[in-house]
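Sharing a model that was predicted from the sequence below.
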Amino acid sequence: MSRPDTAALPRHIAIIMDGNGRWAEQQGKPRIMGHRAGVESVQDIVRAARELGIGVLTLYAFSTENWKRPPLEVQALMGLLKSFLESELTTMVQNNVSLRCLGQKDRIPTEVRKVMDRVIRETANNSGLILNLALSYGGRSEITQAVQEIARKCQDGTLNPEAIDQAVLEQHLYTAGLPDPDLVIRTGGETRLSNFLLWQASYAELYFTEILWPDFRKKDLLTAILDFQTRQRRFGKTGKQAEHSSTH
């Protein structure tokens, strides 16, 4: 298998981890078994991203809409999250990984949030891979929350409405200070963003694969990166302009 050009790696990869339930159903197992198998993929992909030298990896772990799932499945997912965080803390510290959370943290059960806050705190000074877990996350609610905060600042006089531009809005998103994703991967065969990083993914390259998340491994990540490296990113320019920019 060809190796990606290390000089042209995406700085930020975001992944919609889809297909856990279908993976379990195909094998005649309860859905929770698919989620458990999906944790192994998370571990493999985080390790691969770190080894490749990717700067930021964002995993769409639980959406604001996922709260509508059967209570027992939600409870099991939160239990898996807690176990994952507890078991991975030492590995993250040893491998210089910094954990962050994107989303409505206040909706996460207290016992899970405490563990997550501890992991975030103990990895905060790590300077290697930034691992974002999107939890209770929705792109529309993120933008709405940012607008509300900006409006409050305008109301109390700490922000001039005339000063509002894209940079100001970005400073109020969960991803403030991070580069936008260059590559968004979705597993499981669906071809939509499902309310994921709607602002940040405006110019991301999209990669869809039929592979279900529990089967997605390092070789599949490398395939996605190789595909990304065949794309010409024009950002509104002509092909010739973009080619000139990339070589100068």
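Perfect, thanks for sending it. Small disclaimer: the values here were computed from a predicted structure and weren't measured.

tell me which element the most centrally placed residue in the chain is part of?
In the chain, the centroid-proximal residue (CA atoms, centre = their mean) is T58; its distance is 2.2 Å. Per DSSP states H and E, T58 falls inside strand 56-63.

and the very next helix or strand once past that strand, how far from the chain's centre?
Remark: after strand 56-63, the chain's next helix or strand is helix 71-94, criterion DSSP H and E. Taking CA atoms, centre = their mean, to the nearest Å, one finds helix 71-94 lying 16 Å from the centre of the chain it belongs to.

pLDDT of helix 71-94, averaged?
For helix 71-94, mean pLDDT is 96.

And it, what does it pack against?
helix 31-52, strand 56-63, strand 98-102, helix 110-123 (3 or more CB pairs under 8 Å, 6 or more residues apart in numbering; DSSP states H and E). C-beta coordinates here come from the backbone N, C-alpha and C atoms, glycine included.

for this structure, what helix or strand is lowest in average pLDDT?
Every helix and strand of the chain was ranked by mean pLDDT, DSSP states H and E. The lowest is helix 239-246, at a mean of 72.

chain center to it: distance?
29 Å.

Stretch 188-207 too?
Centre-to-centre, stretch 188-207 and its host chain are 10 Å apart (CA atoms, centre = their mean).

can you tell me the distance between the two ends of that stretch?
One end of stretch 188-207 sits 11 Å from the other (CA to CA, to the nearest Å).

before we move on, the earlier item: only C-alpha atoms, please: export the least confident helix or strand of the chain in CSV.
The C-alpha coordinates for helix 239-246 follow below in CSV (Å, rounded to 0.1, in the frame of the first residue of the first chain):
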residue,chain,number,x,y,z
GLY,A,239,-7.3,25.4,-10.8
LYS,A,240,-4.3,27.3,-12.1
GLN,A,241,-4.4,29.8,-9.3
ALA,A,242,-4.6,27.0,-6.7
GLU,A,243,-1.7,25.2,-8.3
HIS,A,244,0.4,28.3,-8.3
SER,A,245,-0.5,28.9,-4.6
SER,A,246,0.5,25.4,-3.6
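
Count the residues that sit near N132.
By other CB atoms under 10 Å, the residues close to N132 number 25.

Is it in a helix, a strand, or coil?
Here N132 is recorded as strand under DSSP: H, G, I helix; E, B strand; the rest coil.

residues contacting A176?
E170 (CB atoms under 8 Å, 6 or more residues apart in numbering).

Repeat the analysis, applying 10 Å as the threshold.
A146, L169, E170 (CB atoms under 10 Å, 6 or more residues apart in numbering).

Of those residues, just the buried ones, PyMOL syntax please.
A single PyMOL command selects the buried members of the contacts of A176 (16 or more other CB atoms under 10 Å):
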select buried, resi 146+169+170
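
Dump the contacts of A176 to JSON lines, plus secondary structure.
Formatted as JSON lines, these follow (three-state DSSP):
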{"residue": "A146", "secondary structure": "helix"}
{"residue": "L169", "secondary structure": "helix"}
{"residue": "E170", "secondary structure": "helix"}
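
Relative to V184, which of the contacts of A176 is nearest.
For these, the minimum distance to V184 (CB to CB) is 17.2 Å, reached by E170.

Thought A146 was touching that closest one, still the case?
Yes: shown here, E170 and A146 form a contact pair, counting by CB atoms under 10 Å, at 8.5 Å.

Overlap in contacts, these two.
Common neighbours of E170 and A146 (CB under 10 Å, 6+ apart) are A176, W199.

Let me know the pLDDT of the residue sitting furthest away from the middle of the chain.
Centroid-distance maximum for the chain: G157 at 34.2 Å, with CA atoms, centre = their mean. For G157, the model assigns a pLDDT of 97.

Please work out which residues outside the least confident helix or strand of the chain touch it.
Helix 239-246 has contacts (CB under 10 Å, 6+ apart) with A8, Q232, R233, R234, F235, G236, K237, T238.
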